[in-house]
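Trainee: Below are the sequence and a predicted model for it; my questions follow.
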Amino acid sequence: MAEVIIVRDEQEAGRLVGDAIVDLVRTRPDAVLGLATGSTPLAVYRHLAERVRGDDIDVSRVRGFALDEYVGLPAGHPESYRRVIEREVVEPLGLTPENIRVPSGELEGIETAGEEYEAAIRAAGGVDLQILGIGRTGHIGFNEPGSSLASSTRVKTLTEETRADNARFFASPDEVPMHCITQGIGTILRARHLVLLAFGEAKAAAVAAAVEGPVSTSAPGSAVQLHPHVTVVVDEAAAASLAQAPYYRHAWANKPAWQGI
């Protein structure tokens with residue numbers, strides 16, 4: 001069973017997860033982080049940046065792998081996930097840019113980009129802590145409904161719902177790419193610790209399906225139930241459809257502090 005932590009708001013979630021990452025880096029200075037983009041993990045990155053600056057934490061050896069990238073965006077496009085990771089993670093935290101990898105969305109070589117990314121993750125020793133969001137369709141990374149639970153990094157076609165959700169980052173919906181390259185569900189499940197974040201009423205159904213529903217390719221997020229170390233951090237609105245919410249609150253309130261998350 002995933003550990004579900006229900007928090008007041010995104011800021012509390014950011015503190016909780018950011019502090020856990022600090023503890024990881026202090027234990028392992030060359031820790032490997034799995035980096036999600038979008039608005040969901042921003043509170044984590046902001047709190048982590050505050051801790052790094054305020055506590056003078058050395059992150060020069062920290063490594064990272066982004067979950068996904070759009071296919072075919074021009075190099076340097078402000079909404080490419082390479083640029084988003086640079087802007088929201090690498091620069092604020094002071095990470096070493098060469099230590100952070102993003103899947104290649106370049107059309108040239110796209111046929112082998114997934115295999116090359118998988119090889120890079122293996123060469124780094126795997127991901128220690130993978131940050132995840134979840135889409136309204138239940139997707140994690142860009143693994144849309146129907147994705148194999150054993151899938152590896154590959155090119156996928158985005159659903160129209162996902163493209164519509166991401167249109168707010170572009171000048172017009174037509175500019176949202178049709179294809180992406182994403183870590184597969186099997187790739188994600190190989191990380192040693194998964195931390196899934198979700199906020200807002202619009203994510204409540206997807207969260208409930210992921211945590212309490214049957215494991216199914218129709219709800220890609222439900223694959224987290226197959227992992228031995230999963231932490232799901234949600235606000236009250238995103239937790240609204242969880243049948244076991246009282247137990248999750250009880251378990252968190254009585255968890256030994258030394259166990260962390």
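Mentor: Now that the structure is in, tell me what you want to look at.
Trainee: going forward, measure contacts between C-alpha atoms and count neighbours the same way
Mentor: Fine.
Trainee: Show me where the stretch 1-150 of the chain has its helices.
Mentor: Under the criterion DSSP state H, counting those that start in this stretch, helices of the stretch 1-150 of the chain are mapped to 10-27, 42-54, 81-85, 91-93, 110-123.
Trainee: Ok, which of the ones you listed comes nearest residue 65?
Mentor: Evaluated over the helices of the stretch 1-150 of the chain, closeness to residue 65 peaks at helix 110-123, with 7.5 Å, by C-alpha to C-alpha.
Trainee: Would you mark the buried spots in the closest one?
Mentor: 110, 113-114, 117-118, 121 (16 or more other C-alpha atoms under 10 Å).
Trainee: what's that helix packed up against?
Mentor: Counting contacts by 3 or more C-alpha pairs under 8 Å, 6 or more residues apart in numbering; DSSP states H and E, helix 110-123 is packed against strand 154-157.
Trainee: can you count the residues close to residue 241?
Mentor: The local packing of residue 241 (other C-alpha atoms under 10 Å) involves 18 other residues.
Trainee: Can you name the residues that contact it?
Mentor: Shown in contact with residue 241 (C-alpha atoms under 8 Å, 6 or more residues apart in numbering): 204-205, 207-208.
Trainee: neighbour-wise, which of these leads?
Mentor: Busiest of these [other C-alpha under 10 Å] is residue 207, holding 31 neighbours.
Trainee: residue contacts, that residue?
Mentor: Neighbouring residues of residue 207 by C-alpha under 8 Å, 6+ apart: 134, 138, 198, 221, 238-239, 241-242.
Trainee: again, only this time at 6 Å
Mentor: If you count contacts by C-alpha atoms under 6 Å, 6 or more residues apart in numbering, residue 207 has none.
Trainee: Fine by me, we can end here.
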